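Asks: starting from these lines, generate the structure:
(one chain, ligands or ions: 1)
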Amino acid sequence: MNSENFAIFGAIPEFDKPLPIGQHYFPSWERYTTSFRGIFERQYYTNQGPLTDELEKKLEAFLGVEHAICVTNATIGLMMAAESMELSGKVILPAFTFVASAQSLTWTGLDPVFCDVDPVTQQIALDQIGALIDEGVSAIMGVNLWGDSCNPKALSDLAVSYGIQLYFDSAHAFGCKISDTSLGNFGDMEIFSFHSTNILNAMEGSCICTNNDDLGARLRNIRSSYGAGHPVDVVRTSNGRMSEAQAAMALMSLEDFPSNQKTNEYLHQLYEKYLEPVPGLNIVKPTEVSFSNYQSLVCLIDEQEFGLSRDLLRELLKAENINVQRYFYPGLHHHPPYVQNLSHYPDRLPNTNHLCASTIQFPIGALVSVQTVERICNLLLRIHQASPVIRSRLQGTNCP
Ligand SMILES: Cc1ncc(COP(=O)(O)O)c(C=O)c1O
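Replies: Residues are numbered from 1 along each chain as shown. Next up, the predicted model:
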């Protein structure tokens with residue numbers, strides 16, 4: 001196999017412009033302008049406007065929840081969640097998640113306790129949580145990763161048995177279901193992200209879902225420095241208000257959720273089919289949910305079988321204009337400021353360490369066509385076949 005065919009050695013890249021990772025849904029320009037014309041006609045930008053109200057009602061109906069409280073982004077949503085539940089001391093969460101999950105705790109004066117994850121599902125390791133619970137722990141933050149779920153029922157049993165609270169960072173899991181119950185209905189509350197990398201996009205945005213009226217009232221009060229009309233007993237307020245522009249985009253995205261989900265599912269199946277014969281590339285499939293949004297194409301690289309390390313493959317694909325990401329990297333216990341406390345985690349998170357070194361994401365979503373998936377998979381097969389030559393040519397260079 002000839003290595004000259006690859007862009008890293010000077011060939012023309014497979015794609016002429018960079019392919020991003022993430023959903024990146026855009027409505028048609030006509031729908032966008034119609035929707036935004038309404039905002040201009042009403043002359044109403046923010047402060048719980050008519051579009052934000054409409055979005056909240058539609059989300060409550062779509063998810064079957066009592067309260068969908070829309071906010072600026074999920075990081076703020078997670079901070080508001082911790083504040084509204086009056087958490088104290090320590091909160092257990094997986095080490096394999098986005099840094100915002102832990103930072104939301106740090107911002108609210110809480111200490112994260114990192115738990116390892118399951119090596120196959122990549123979700124929090126249920127059997128390791130009990131050993132981390134002591135009298136200083138007030139809650140578990142489950143993280144529903146990659147359009148799958150971390151088993152909220154088992155986590156709920158665990159939280160009840162220890163008398164602690166439970167909530168979920170569901171940034172990746174909008175629209176997913178477990179036996180016909182939509183995520184959003186589990187624990188004390190769940191927080192979705194409407195960042196453009198996710199299937200429901202508000203050009204930044206989020207909603208916090210809860211079925212608890214008291215928590216709903218507290219969240220509405222914390223969301224706005226102006227309070228929520230019926231002030232409840234909360235000490236700290238903030239500004240997490242969603243703007244009308246964000247709500248307009250989210251409403252269009254919600255309308256298109258069914259077709260975007262179908263596209264994702266189809267592309268996911270194509271990747272599974274085309275990568276099946278490529279040794280060492282193992283796609284992570286949703287197993288806990290009965291319905292997935294399939295918004296992420298996550299793949300575990302077995303370096304021995306594939307022939308190249310994850311980081312070397314990433315360099316090759318970058319040269320081909322495929323912006324694959326090593327999401328999440330590093331594990332939270334290696335992330336500032338938590339790395340300073342690394343001695344608390346002496347070799348305790350081997351699965352997280354392994355996933356951080358071998359997980360990669362490929363493009364899927366609204367901007368990705370069937371042909372794009374075929375070209376990416378074909379390229380991956382060619383890279384695998386040429387891996388011995390590639391490795392020897394890159395030895396001694398700056399490539400990882
Ligand atoms: C697991 C997880 N939680 C929280 C967030 C933060 O979401 P947002 O960008 O809406 O603040 C992200 C963002 O990527 C995430 O991946």
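Asks: show me where the stretch 51-200 of the chain has its helices.
Replies: 74-84, 99-107, 126-129, 152-162 (DSSP state H, counting those that start in this stretch).
Asks: from the ligand, how far off is the most centrally placed residue in the chain?
Replies: The residue lying closest to the centre of the chain (C-alpha atoms, centre = their mean) is residue 172, at 3.4 Å. Separation of residue 172 from the ligand (C-beta to the nearest ligand atom, to the nearest Å): 6 Å. The way it works is simple: take the backbone N, C-alpha and C, and place the C-beta from them, glycine included.
Asks: which one of the helices of the stretch 51-200 of the chain is the most hemmed in?
Replies: Mean neighbours per residue, mean count of other C-beta atoms under 10 Å, is largest over the helices of the stretch 51-200 of the chain for helix 74-84, with a mean of 27.
Asks: okay, that helix in CSV with CA atoms only?
Replies: What follows is helix 74-84 as a C-alpha-only set of coordinates in CSV (Å, rounded to 0.1, in the frame of the first residue of the first chain):
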residue,chain,number,x,y,z
ALA,A,74,-26.0,24.2,30.0
THR,A,75,-23.0,25.4,32.0
ILE,A,76,-25.2,28.1,33.6
GLY,A,77,-28.0,25.5,33.8
LEU,A,78,-25.8,23.1,35.8
MET,A,79,-24.7,25.9,38.2
MET,A,80,-28.3,26.9,38.7
ALA,A,81,-29.2,23.2,39.3
ALA,A,82,-26.7,22.9,42.1
GLU,A,83,-27.8,26.2,43.7
SER,A,84,-31.5,25.3,43.5
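Asks: contacts for that helix, please.
Replies: Here helix 74-84 makes contact (C-beta atoms under 8 Å, 6 or more residues apart in numbering) with 71, 91, 100-101, 103-105, 107-108, 110, 139, 141, 167, 169, 171, 189, 191-195, 206-208, 215, 218-219, 222-223, 234, 236, 238, 240.
Asks: now mean pLDDT too, for the helices of the stretch 51-200 of the chain, in CSV please.
Replies: Formatted as CSV, the helices of the stretch 51-200 of the chain follow (pLDDT from 0 to 100):
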stretch, mean pLDDT
helix 74-84, 98
helix 99-107, 97
helix 126-129, 96
helix 152-162, 97
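Asks: circling back to that earlier point, narrow the contacts of helix 74-84 to those that are buried.
Replies: Neighbour-count burial (16 or more other C-beta atoms under 10 Å) is assigned, among the contacts of helix 74-84, to 71, 91, 100-101, 103-105, 108, 110, 139, 141, 167, 169, 171, 189, 191-195, 206-208, 215, 218-219, 222-223, 234, 238, 240.
Asks: wait, what's in contact with residue 50?
Replies: For residue 50, the contact set (C-beta under 8 Å, 6+ apart) comprises 42, 44, 244.
Asks: the closest residue to residue 117 other than its chain neighbours and the ligand, how far apart?
Replies: Leaving aside its chain neighbours, residue 117 sits nearest to residue 96 (4.5 Å; criterion: C-beta to C-beta, 6 or more residues apart in numbering). Relative to the ligand, residue 96 is positioned 10 Å away (C-beta to the nearest ligand atom).
Asks: report the inter-axis angle for the longest strand along the chain versus helix 152-162.
Replies: With secondary structure taken from DSSP state E, the chain has its longest strand at strand 137-143. Strand 137-143 and helix 152-162 meet at an angle of 180 degrees, taking axes from the mean of the first three to the mean of the last three C-alpha atoms, to 10 degrees as the criterion.
Asks: just checking, what packs against strand 137-143?
Replies: The contact analysis (3 or more C-beta pairs under 8 Å, 6 or more residues apart in numbering; DSSP states H and E) places strand 137-143 against strand 90-94, helix 99-107, helix 152-162, strand 165-169.
Asks: residues from the chain in reach of the ligand?
Replies: Within the chain, the positions adjacent to the ligand are 73-75, 97-98, 100-101, 143, 169, 171-172, 193, 195, 206 by C-beta under 6 Å from any ligand atom.
Asks: give me that answer again for 8 Å
Replies: With C-beta under 8 Å from any ligand atom as the criterion, the chain meets the ligand at residues 73-78, 97-98, 100-101, 104, 143, 145, 169, 171-172, 191, 193-195, 197-198, 204-206, 327-328.
Asks: picking up where we left off before, give the ChimeraX command for selecting the buried subset of the contacts of residue 50.
Replies: Listed next is the ChimeraX selection for buried residues among the contacts of residue 50, using 16+ other C-beta under 10 Å:
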select :44,244
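Asks: tell me which of the contacts of residue 50 is nearest to residue 296?
Replies: Using C-beta to C-beta, residue 244 is the member of the contacts of residue 50 that lies nearest residue 296, at 29.3 Å.
Asks: quick one: contacts for that closest one?
Replies: When contacts are counted by C-beta under 8 Å, 6+ apart, residue 244 touches 39, 42, 44-46, 49-52.
Asks: let's see which of those end up in strands.
Replies: Among the contacts of residue 244, no member falls in strands (DSSP E).
Asks: how about the residues you listed in CSV, adding pLDDT?
Replies: Shown next, in CSV, are the contacts of residue 244 (pLDDT from 0 to 100):
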residue, pLDDT
39, 97
42, 96
44, 94
45, 94
46, 92
49, 94
50, 97
51, 98
52, 98
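Asks: please flag which of the residues you listed sit within helices.
Replies: Cross-referencing the contacts of residue 244 against helices under DSSP state H gives 39, 42, 50-52.
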